[in-house]
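Visitor: the following block contains a protein sequence and its predicted model.
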Amino acid sequence: MSDMRLVVVGAAGRMGRALIRAITETPGAVLAGAIERQGSSEIGQDAGILAGLPPGGVKVTDDPLPVFAAAEGVLDFTSPAATTAFASLAAQARIVHVIGTTGLVETDLDKLDAAARHAVLVRSGNMSLGVNLLAALVKRAAAALPDFDIEILEMHHRHKVDAPSGTALLLGEAAAEGRDIDLSSSSVRSRDGHTGARPGGAIGFATLRGGSVVGEHSVILAGPGERIELSHKAEDRAIFANGAVRAALWGRGKKPGHYSMADVLGLADV
Ligand SMILES: NC(=O)C1=CN([C@@H]2O[C@H](COP(=O)(O)OP(=O)(O)OC[C@H]3O[C@@H](n4cnc5c(N)ncnc54)[C@H](OP(=O)(O)O)[C@@H]3O)[C@@H](O)[C@H]2O)C=CC1
Ligand SMILES: O=C(O)C1=N[C@H](C(=O)O)C[C@H](O)C1
């Protein structure tokens, strides 16, 4: 089979550059395009150079249509507005759309579901192997300890714009699934002032931002007289980028649908 032709959107971003490196290093994948927003100072730049590699001949452009038409997959770690627009283009081109963008709201997810009727879409708040395994462990722990309080703590770099992180929400969903409860009606997103005692069965979120932290998450299960902490620390964005490339290769030839990283990694039934 020929190498899978992949496009990176948001190519000049922190993840965009990591994705270009991951594609270049992965056998079976080849960089077929690099997209940035109109007006970006990186338009016309060689994507390899942008990612700290030797020049590879793919220039950054702001016109996704012809690039998607000649590709088989797109890797997208941008913003909710950009991702919903790219989803419609990827669906028209019938190419695999791997989405790492976080901060998506219900109306965005409806648009992604519509796109997934025509093309393969793989989306996860965290594309790393470690976090997806952690989610499976959290689901089990939450089910095994129904009376323990669950709190999710995360820290990210100072540039992150959404909270709680996509990973924190993914871990919250795993805990809620383990308890057979609905996350949106059980979560406590912030606390300030006289909050009253902790509601039983709540899943709490706490957010820290600062410096250059790539991503750290802890799920704390607190019971009477003892506490369990399940944690993941990301040290390099390559773990997310490698997961995204793996997802694209997995999605090649699959039926249209909205898939998760747990599907890609075979963890969906763990
Ligand atoms: N699921 C996962 O495993 C991971 C998810 N993420 C998520 O990925 C997203 C991006 O993170 P990060 O790389 O740190 O952010 P950056 O801001 O560094 O990168 C985003 C890039 O997308 C570009 N962009 C925005 N809109 C468009 C558009 N319409 N067309 C083309 N390019 C566009 C931005 O350009 P400009 O700067 O000009 O706006 C920027 O270069 C976030 O939502 C983050 O939470 C991050 C890491 C892992
Ligand atoms: O914005 C980031 O950097 C990250 N975003 C994702 C999230 O919101 O969880 C994944 C990772 O933690 C890094």
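Guide: Received the coordinates, thanks. Just so you know, these numbers come straight off a predicted model, no measurement behind them. Numbers count the residues shown, from 1 in each chain. Ligands and ions are numbered 1, 2, ... in the order given.
Visitor: any residue of stretch 214-230 up close to ligand 1?
Guide: No: Stretch 214-230 stays clear of ligand 1 (C-beta under 6 Å from any ligand atom), getting no nearer than 6.9 Å. C-beta here means a position set from N, CA and C on the backbone, and glycine is covered the same way.
Visitor: against residue 200, how distant is the residue nearest to residue 202 when sequence neighbours are not counted?
Guide: Of all residues not flanking residue 202 in the chain, residue 188 sits nearest, at 4.9 Å (C-beta to C-beta, 6 or more residues apart in numbering). As for residue 188, its distance to residue 200 is 12 Å (criterion: C-beta to C-beta, to the nearest Å).
Visitor: enumerate the residues of the protein near ligand 1.
Guide: Remark: the part of the chain in contact with ligand 1 comprises 9-10, 12-16, 35-37, 40, 77-79, 82, 100-103, 124-127, 166, 240, using C-beta under 6 Å from any ligand atom.
Visitor: return the subset of the residues you listed lying in strands.
Guide: Mapping those onto strands (DSSP state E) picks out 9, 35.
Visitor: what about the residue nearest to residue 202, how many neighbours?
Guide: Other residues within reach of residue 188, judged by other C-beta atoms under 10 Å, total 14.
Visitor: doesn't residue 74 fall inside a strand?
Guide: Yes: counting by DSSP: H, G, I helix; E, B strand; the rest coil, residue 74 is part of a strand.
Visitor: what is the burial count for residue 241?
Guide: Using other C-beta under 10 Å as the criterion, residue 241 is surrounded by 27 other residues.
Visitor: isn't it right next to residue 16, touching?
Guide: No: under the criterion of C-beta atoms under 8 Å, residue 241 makes no contact with residue 16, lying 9.3 Å away.
Visitor: please, where are all the strands along the protein?
Guide: Under the criterion DSSP E, the chain contains strands at 4-9, 29-35, 60-61, 73-76, 96-99, 120-123, 149-156, 187-188, 203-209, 215-223, 226-234, 257-259.
Visitor: pipe the ones you listed into CSV and attach mean pLDDT and distance to residue 49 per row.
Guide: Below are the strands of the chain laid out as CSV (pLDDT from 0 to 100; distance: least, C-beta to C-beta, whole Å):
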stretch, mean pLDDT, distance to residue 49
strand 4-9, 98, 14
strand 29-35, 98, 11
strand 60-61, 98, 10
strand 73-76, 98, 19
strand 96-99, 98, 24
strand 120-123, 98, 28
strand 149-156, 98, 28
strand 187-188, 97, 43
strand 203-209, 98, 31
strand 215-223, 98, 27
strand 226-234, 98, 26
strand 257-259, 98, 33
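Visitor: which one, of those, ends up nearest to ligand 2?
Guide: Nearest to ligand 2, of all the strands of the chain, is strand 215-223, at 2.8 Å by C-beta to the nearest ligand atom.
Visitor: for the closest one, packing partners?
Guide: Secondary-structure packing of strand 215-223 (3 or more C-beta pairs under 8 Å, 6 or more residues apart in numbering; DSSP states H and E): helix 129-144, strand 149-156, helix 166-179, strand 226-234.
Visitor: not counting its own residues, what contacts it?
Guide: With C-beta atoms under 8 Å, 6 or more residues apart in numbering as the contact definition, strand 215-223 has outside contacts at 126, 131, 134, 138, 141-142, 145, 147-156, 165, 167-168, 171, 175, 227-234.
Visitor: want to throw the helices and strands packed on strand 215-223 into TSV with mean neighbour count and distance to residue 63?
Guide: As requested, these are exported to TSV (neighbours: other C-beta atoms under 10 Å; distance: least, C-beta to C-beta, whole Å):
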stretch	mean neighbour count	distance to residue 63
helix 129-144	19	34
strand 149-156	22	32
helix 166-179	23	28
strand 226-234	14	33
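Visitor: which ones are touching the nearest residue to residue 119 once chain neighbours are set aside?
Guide: Excluding the flanking residues, the one nearest residue 119 by C-beta to C-beta, 6+ apart is residue 91, at 4.6 Å. With contact taken as C-beta under 8 Å, 6+ apart, residue 91 is in contact with 97, 114-119.
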